[in-house]
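Asks: curious how this folds, go ahead:
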Amino acid sequence: MRDSFELRTLDGAGRIGDLEVPRAGVTVETPALLPVINPHIRTIEPAELESDFGAQILITNGYIFYGSDEFRDRALAEGLHDLLDFSGAIMTDSGSFQLAEYGDISVTTEEILQFQHDIGSDIGTPVDIPTPPDVSREQAERDLATTKQRLEIAEGVDVGEMLVNAPVQGSTYPDLREEAARHAYSTSLDVFPVGAVVPLMNDYRYAEMVEAVLAAKRGLGADAPVHLFGAGHPMMFALAVAAGCDLFDSAAYALYARDDRYLTVRGTEKLADLDYFPCSCPVCSDTTPDEVRSLDGDTRERTLARHNLHVTYEELRRVKQAIRSGNLLELVEERARSHPAMLDGYRALLDGVDQLEASDPVSKGSFFHVSTESARRPEVTRHHDRLSRLPVEGETVLLTQGGNNGGFDETWRLVPPFGPFPRALSKTYPLTAETPERFDRAAYEAAAAGVRALVEANPETEFTVGYFDWPEAALDALPDAVGLLDLREGDGGSDT
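Replies: Predicted coordinates for the structure are as follows:
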């Protein structure tokens, strides 16, 4: 049912989309969070997730139901929706997590997919092999071969309207991730989780997580909904969405609450360390840290879990609005300053700038240059790619941030990090960018690279750079073919 996913708004590789889940009769807006529901431990009831937090979809473990004396027969008789009291979409896992944790499970792909269908799951999962990071390439290839076989087996199971996940494995080998994604996309399966990345996130290896996602995205079509298995901390949503992820699941809201941990978009705090709540959600507006600490264990856990959900859903809404406004990467830059590993992740994302640029809209509302990394954004890369195609009319051209033309045939603007462009384009996106007065070195070097591209594309034209305050290192980065005109010396300037 590959036509079940429709894209509505794009920004870089981030997107807002609609995932139609036919068996549930609902359409889930992405990016979306799937709160994890353990049938044995319900910190927040599914009905509350739906009514109080607007949850459209959740995930529970089909293998737990399969092996549960308490819940198996009830699930088969009542169906998951009635049993959990949830009217949205329900995804079920297959036992692959237990396989990764304990090394063995007693169910086949055919059996668990049929069981997930029989208990009323809307999106089911085959038994893949979640290969952890840093294993040998031989093991990663062997596990991937097994996962591929099981995806092909899953295609042959009659599950009616139930969508089926096609997990993308490959450990920390980007080429294997891409190969796995290409194979998964070639099947008739529907949703594409990037699996076995939780150990990377637990160890703050966000750069490698991004590399795994980008590799998977290279093997998938644009119409493939991508699920980042096990990702539920709000601090990394913006980064993961910017890399192209659409669905997230995690039990973090409940597990962290059980350990008296308080989620924020900048990380995790211990309740014992808080004198004030840095949040205005209903929980934090109505209580103080002292009051929450004084609650009995179950009530305190539930109260913290509600806060954790509020901050998590709030961040997803913030990410969606950033996509709609065209400033998702500015939000990523803001979040990247919350932890060095997040900054590593953002830089890894920009290493794949060509992937981001391919789906990035040509025009948006604004461009804010707010960090060194801004010089590597898709908008800058796109402008540099087009420089060689911009028409140059005169034989002598002055490239300058300001000043008069001093008798040159043409005067072009020269603005870091974009580089040169005709003055007639000054009011077009992204050349309307808001930039600081004090540029960083990366911005100047990017502008110098733009000058080099223009010079190389127009060897018969004489270019001169007129400057006010460029640092010597930036001037040294300019191509030897250009002249320099120091406009600080006066309107006419003097050649240097």
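Asks: how close does residue 246 get to residue 14?
Replies: 9 Å (Cβ to Cβ, to the nearest Å). C-beta here means a position set from N, CA and C on the backbone, and glycine is covered the same way.
Asks: swap in residue 283?
Replies: 29 Å.
Asks: neighbour count: these two, which is higher?
Replies: Ranked by neighbour count (other Cβ atoms under 10 Å), residue 283 and residue 14 place residue 14 first, with 28 against 21.
Asks: coming back round to it: what is in contact with residue 246 and residue 14 at once?
Replies: residue 31 (Cβ atoms under 8 Å, 6 or more residues apart in numbering).
Asks: sketch out the low-pLDDT regions of this protein for me.
Replies: 1-2, 97-104, 403-406, 489-496 (pLDDT under 70).
Asks: contacts only, for residue 120.
Replies: Going by Cβ under 8 Å, 6+ apart, residue 120 touches 23, 75, 79, 80, 81, 90.
Asks: state the phi and psi torsions of the nearest residue to the fifth one once chain neighbours are set aside.
Replies: Closest residue in space to residue 81, ignoring its immediate chain neighbours: residue 120 at 5.8 Å, by Cβ to Cβ, 6 or more residues apart in numbering. Torsion angles at residue 120 (phi, psi; degrees, to the nearest 10) stand at phi 90, psi 20.
Asks: ok, now how distant is residue 120 from residue 208?
Replies: Counting by Cβ to Cβ, the gap from residue 120 to residue 208 is 37 Å.
Asks: and residue 60, by the same measure?
Replies: 29 Å.
Asks: the two - which one has more neighbours?
Replies: Per other Cβ under 10 Å, whichever of residue 60 and residue 208 has more neighbours is residue 60, with 27 against 20.
Asks: state whether that one is indeed within a helix.
Replies: No. Counting by DSSP: H, G, I helix; E, B strand; the rest coil, residue 60 is not part of a helix but strand.
Asks: for it, what are its contacts?
Replies: Residue 60 neighbours (Cβ under 8 Å, 6+ apart): 36, 37, 38, 39, 80, 84, 90, 91, 92, 93.
Asks: which of the residues you listed count as buried?
Replies: 36, 37, 39, 80, 84, 90, 91, 92, 93 (16 or more other Cβ atoms under 10 Å).
Asks: can you pull the phi and psi angles for the nearest residue in space to the first one that is not next to it in sequence?
Replies: Taking Cβ to Cβ, 6+ apart as the measure, residue 36 lies nearest to residue 251, with 3.8 Å between them; neighbours along the chain are not counted. Backbone torsions of residue 251, given as degrees, to the nearest 10, read phi -100, psi 10.
Asks: go on, the one 10 residues further on?
Replies: Note on residue 261: backbone dihedrals following degrees, to the nearest 10 are phi -110, psi 140.
Asks: what does the one 3 residues further on give?
Replies: Here the main-chain torsion angles of residue 264 (degrees, to the nearest 10) amount to phi -140, psi 170.
Asks: all strands of the stretch 301-450 of the chain, in order?
Replies: Taking DSSP state E, counting those that start in this stretch to define them, one finds strands in the stretch 301-450 of the chain at 396-400, 410-415, 419-422.
Asks: measure residue 274 to residue 120 for me?
Replies: For residue 274, the distance to residue 120 - Cβ to Cβ - is 41 Å.
Asks: do you know how far residue 428 is from residue 116?
Replies: Taking Cβ to Cβ, one finds residue 428 at 51 Å from residue 116.
Asks: no wait, residue 58
Replies: Taken as Cβ to Cβ, the span from residue 58 to residue 116 is 14 Å.
Asks: higher neighbour count, these two?
Replies: residue 116 (30 against 22).
Asks: test my guess that the more buried one contacts residue 126.
Replies: No. In this structure, residue 116 is not within contact of residue 126 by Cβ atoms under 8 Å, at 9.5 Å.
Asks: anything in contact with each of the two?
Replies: Common contact partners of residue 116 and residue 126 (Cβ under 8 Å, 6+ apart): residue 94.
Asks: residue 409 - nearest residue in space that isn't next to it in sequence?
Replies: Distances taken as Cβ to Cβ, 6+ apart place residue 394 nearest to residue 409, at 2.5 Å, with adjacent residues excluded.
Asks: might you report the residue contacts of the one you found?
Replies: Counting by Cβ under 8 Å, 6+ apart, residue 394 has contacts 408, 409, 410, 461.
Asks: give me the neighbour count for the closest residue to residue 295 other than its chain neighbours.
Replies: Once flanking residues are discounted, residue 295 sits nearest to residue 303: 6.3 Å by Cβ to Cβ, 6+ apart. By the criterion of other Cβ under 10 Å, residue 303 has 19 neighbours.
Asks: which strand residues bridge residue 400?
Replies: Going by DSSP bridges, residue 400 is paired in beta bridges with residue 413, residue 466.
Asks: so it touches residue 420, yeah?
Replies: No. The criterion here is Cβ under 8 Å, and residue 400 misses it with residue 420 at 9.1 Å.
Asks: any common contacting residues for the two?
Replies: With Cβ under 8 Å, 6+ apart as the test, residue 400 and residue 420 both reach 412, 413, 414.
Asks: mind checking which of these are buried?
Replies: Buried among these by 16+ other Cβ under 10 Å: 412, 413, 414.
Asks: so residue 157, which state does it fall into?
Replies: coil.
Asks: report the contact partners of it.
Replies: 109, 110, 113, 114, 117.
Asks: if you set the cut-off to 6 Å instead, what comes out?
Replies: 110, 113 (Cβ atoms under 6 Å, 6 or more residues apart in numbering).
Asks: now residue 266, nearest residue through space, not along the chain?
Replies: Residue 266 sits nearest to residue 338 (Cβ to Cβ, 6+ apart), 4.1 Å away.
Asks: gap between the one you found and residue 323?
Replies: Counting by Cβ to Cβ - residue 338 and residue 323 are separated by 20 Å.
Asks: neighbours of the closest residue to residue 440 other than its chain neighbours, how many?
Replies: Of all residues not flanking residue 440 in the chain, residue 372 sits nearest, at 4.9 Å (Cβ to Cβ, 6+ apart). Counted with other Cβ under 10 Å, residues neighbouring residue 372 total 15.
Asks: likewise for residue 25?
Replies: 12.
Asks: let the chain start at 47 from now.
Replies: All set: I'll call the first residue 47, so the last point we hit is now residue 71.
Asks: next secondary structure after the host helix or strand of residue 331?
Replies: In this structure, residue 331 sits in helix 328-332 according to DSSP states H and E. Next along the chain after helix 328-332, taking DSSP H and E as the criterion, comes helix 335-339.
Asks: what comes up buried for that following helix?
Replies: 335, 338.
Asks: can I get the CA coordinates of that helix in CSV?
Replies: Taking C-alpha atoms only, helix 335-339 is exported to CSV below (Å, rounded to 0.1, in the frame of the first residue of the first chain):
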residue,chain,number,x,y,z
PRO,A,335,9.6,20.4,42.4
ASP,A,336,9.2,20.2,46.2
GLU,A,337,5.5,19.3,45.8
VAL,A,338,6.2,16.6,43.3
ARG,A,339,9.0,15.1,45.4
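Asks: which strands or helices does that helix pack on?
Replies: Applying 3 or more Cβ pairs under 6 Å, 6 or more residues apart in numbering; DSSP states H and E, we find helix 335-339 packed against no helix or strand.
Asks: so how far is it off the chain centroid?
Replies: 34 Å (Cα atoms, centre = their mean, to the nearest Å).
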